[in-house]
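Q: Sharing a sequence plus its predicted fold:
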Amino acid sequence: MSKNLEKINVPDSLKKVKNIIGVFSAKGGVGKSAVSLNLALSLQEKGLKVGLADADIYGPSQTILMHASNQQVEVKDQKFLQPVNKSGIKFMSMGLISNDKMPVIWRGPMVSGAVLQLISQTNWQELDYLIVDTPPGTGDVQLTLLQKIPLKGALIITTPEDVSVADTKKGIEMILKLEVPLLGLIENMSWFSPKESNKKYFLFGKDGGKDLSVDYKIDLISQLPLIETEGLNVIYEDKDMRDEFDQISSFVVKKIDDLTEELSKTIPQINLPND
Ligand SMILES: Nc1ncnc2c1ncn2[C@@H]1O[C@H](COP(=O)(O)OP(=O)(O)O)[C@@H](O)[C@H]1O
Ligand SMILES: [Mg+2]
């Protein structure tokens with residue numbers, strides 16, 4: 001477990017970040033960005049210091065979700081990007097520093113280099129949690145994130161739909177190969193219930209994510225309904241969703257604490273002199 005952490009040189013900007021979590025799924029449109037943001041908000045509500053890095057360079061939707069499109073990013077000491085502070089969360093996204101058209105023509109290695117730079121050259125300072133929202137796919141960017149960013153663990157997001165489950169399986173296989181611990185799986189858009197009704201409509205099939213979690217022995221953290229957002233960007237503003245995310249963030253904190261304890265037992269702790 002956590003063999004990934006032994007191989008990584010931690011960039012200076014991440015040395016005061018206690019826990020980095022990657023939110024993965026090989027499929028787009030399943031709710032990675034929504035879950036990343038709402039998890040970040042929920043962790044913050046528990047009094048934790050939280051950052052959110054939007055690594056989806058092709059479609060950096062977090063800037064829109066966070067109403068941050070007009071924010072200017074400052075550069076500190078000509079070296080570090082200052083994260084934007086939004087609702088108490090430190091936030092950085094390619095969407096803050098690029099224009100609309102630029103990244104579309106980039107090749108794989110350029111994109112993964114840029115994503116790595118974005119995360120490792122942001123002045124995060126002290127954080128309890130940094131959530132990394134990833135783009136869809138199982139290519140260069142995901143590989144780079146898994147190999148170069150000291151992730152404590154990965155969260156998997158899928159809808160119950162067959163096509164999403166099939167893609168997500170590939171994502172899980174990649175993460176397993178790179179020995180990053182799987183924190184758990186969240187099935188999103190599991191059903192829809194109209195207001196004033198308890199009837200559940202399973203629009204994308206039933207339990208596809210749950211079954212996947214059983215196949216891979218991953219904890220199923222939650223099955224989230226599809227809700228009518230009425231123009232809300234933050235699904236967490238819905239009372240039931242807020243309660244769900246409260247449980248999700250508690251689960252994540254507990255899981256990370258357990259992993260950290262396990263790690264401290266397997267890696268000998270050496271006290272280095274202060275430099
Ligand atoms: N449970 C949900 N209920 C309603 N809308 C949702 C839910 N989860 C995600 N969405 C919406 O679905 C769209 C796709 O989600 P997003 O998080 O951008 O997916 P991804 O990051 O995986 O591509 C967004 O508009 C998002 O706000
Ligand atoms: Mg996204």
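A: Now that the structure is in, tell me what you want to look at. Ligands and ions are numbered 1, 2, ... in the order given.

Q: Now do the same contact list for Thr229.
A: When contacts are counted by C-beta atoms under 8 Å, 6 or more residues apart in numbering, Thr229 touches 235, 238. For every residue, glycine as well, the C-beta is placed using N, CA and C.

Q: That one - that's part of a strand, no?
A: No - in this structure, Thr229 is coil, not part of a strand, as judged by DSSP: H, G, I helix; E, B strand; the rest coil.

Q: can you list the residues of the chain near ligand 1?
A: Residues of the chain lying close to ligand 1 (C-beta under 6 Å from any ligand atom) are 28-34, 61, 188-189, 224, 226-227, 229, 235.

Q: how close does the residue of the chain found nearest ligand 2 sit to Asn70?
A: Distances between the chain and ligand 2 by C-beta to the ion are smallest at Ser33, namely 3.3 Å. Computed as C-beta to C-beta, to the nearest Å, the Ser33 to Asn70 distance reads 19 Å.

Q: Tell me which of these two has more neighbours.
A: Ranked by neighbour count (other C-beta atoms under 10 Å), Ser33 and Asn70 place Ser33 first, with 25 against 7.

Q: Spatially nearest residue to the more buried one, not counting backbone neighbours?
A: Leaving aside its sequence neighbours, Ser33 sits nearest to Ser61 (C-beta to C-beta, 6 or more residues apart in numbering; 4.8 Å).

Q: neighbours around that neighbour, how many?
A: Using other C-beta under 10 Å, Ser61 has 18 neighbouring residues.

Q: helices or strands next to the top helix by length along the chain in the packing?
A: As assigned by DSSP state H, the longest helix anywhere in the chain is helix 239-266. Packing partners of helix 239-266 (3 or more C-beta pairs under 8 Å, 6 or more residues apart in numbering; DSSP states H and E): strand 17-24, helix 32-45, strand 153-158, strand 182-187, strand 220-223.

Q: Please point out which parts of the helix or strand harbouring Gln147 sit buried.
A: Take DSSP states H and E as the rule and Gln147 turns out to sit in helix 140-148. For helix 140-148, burial by neighbour count (16 or more other C-beta atoms under 10 Å) applies to 140-146, 148.

Q: cool, and stretch 230-241?
A: Buried residues in stretch 230-241, counted by 16+ other C-beta under 10 Å: 234-236, 238, 241.

Q: Would you convert those residues into TSV that also reports distance to Lys217 and pLDDT?
A: Converted to TSV, the buried residues of stretch 230-241 look like this (distance: C-beta to C-beta, whole Å; pLDDT from 0 to 100):
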residue	distance to Lys217	pLDDT
Val234	32	73
Ile235	28	78
Tyr236	29	76
Asp238	31	86
Met241	27	92
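
Q: how about low-confidence regions in the protein?
A: 1-2, 98-108, 231-233, 267-275 (pLDDT under 70).

Q: thought Met174 was touching Thr144?
A: No - shown here, Met174 and Thr144 do not form a contact pair, counting by C-beta atoms under 8 Å, at 11.8 Å.
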